[in-house]
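J.: take a look and give me a structure for this.
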Amino acid sequence: MTIKEFMYRHYVIGMFKGLDGRLYEILAPAPDYHFDKKSVQNDNVYEYRFNVLETSHKPYLDVYDKRCNGHFTFRMSNDDFIKAGGRIRVLKNGINKNKMNWNDDDFEICNKSFNELFSKLKPSQTIFIEEVGDVIKTFGILDMKLDDISLKANCLNFE
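T.: Numbering: from 1, shown residues only. Next up, the predicted model:
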């Protein structure tokens with residue numbers, strides 16, 4: 001028997017236009033961790049959208065399954081998004097390149113919460129994220145926080 005040492009998570013790299021007219025890049029985590037790289041590659045079936053719930057008027061990052069005609073799968077608050085390693089960057093003012101020519105230096109970290117970014121988003125509106133790439137991140141089991149709600153309870157199971 002061996003203890004699993006690593007877990008993997010799929011992240012989509014996407015772009016969206018904010019309500020302020022600026023262009024944003026997002027690194028959005030898939031809902032689950034996996035124990036092997038082969039399984040995590042199956043998580044490229046998700047698409048991401050920002051929505052506001054009618055009941056709470058709070059913005060969330062919602063995850064939909066492309067295989068099931070955009071069936072709702074998972075919802076992330078700003079705190080869950082940050083805890084899962086998500087990040088948002090904004091295109092610097094004055095950058096006028098074609099989107100195929102952007103590089104890391106063209107963006108700066110956006111330190112605004114979902115509430116700040118989407119305070120004027122109405123429940124009837126949706127901000128779609130255009131996927132432009134993806135990445136798989138590796139996590140050491142012993143380095144992960146045990147209070148991470150997206151970490152499955154069986155993460156330390158033996159083989």
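J.: where does this structure dip in pLDDT?
T.: Along the chain, segments meeting pLDDT under 70 span 1-4, 97-100, 141-159.
J.: rerun that using 50 as the cut-off
T.: Applying pLDDT under 50 to the chain picks out residues 1, 146-159.
J.: how far away is the residue most central in space within it from Arg49?
T.: For the chain, the residue sitting closest to the mean C-alpha position, by CA atoms, centre = their mean, is Ala28 at 1.5 Å. Distance, Ala28 to Arg49, using CB to CB, to the nearest Å: 10 Å. C-beta coordinates here come from the backbone N, C-alpha and C atoms, glycine included.
J.: same deal with Lys17?
T.: For Lys17, the distance to Arg49 equals 13 Å [CB to CB].
J.: who's more crowded, those two?
T.: Neighbours were counted for Lys17 and for Arg49 using other CB atoms under 10 Å; Arg49 has more, 16 against 12.
J.: if I pick that one, what's in contact with it?
T.: Leu61, Asp62, Tyr64, Thr126, Ile127, Phe128, Ile129 (CB atoms under 8 Å, 6 or more residues apart in numbering).
J.: and it, backbone torsions?
T.: For Arg49, the backbone dihedrals are phi -150, psi 150 (criterion: degrees, to the nearest 10).
J.: and the helices in this protein?
T.: Remark: helices assigned in the chain by DSSP state H are 37-40, 78-83, 114-117.
J.: list the buried residues of the last one.
T.: Taking 16 or more other CB atoms under 10 Å as the neighbour-count basis, helix 114-117 is seen to contain the buried residues Phe114, Leu117.
J.: run through who's touching that helix.
T.: Contact with helix 114-117 is made by 18-19, 24, 50, 58-61, 77-78, 81, 88, 110, as judged by CB under 8 Å, 6+ apart.
J.: sort out which of those are buried, if you could.
T.: Gly18, Tyr24, Phe50, Pro59, Tyr60, Leu61, Asn78, Phe81, Ile88, Cys110.
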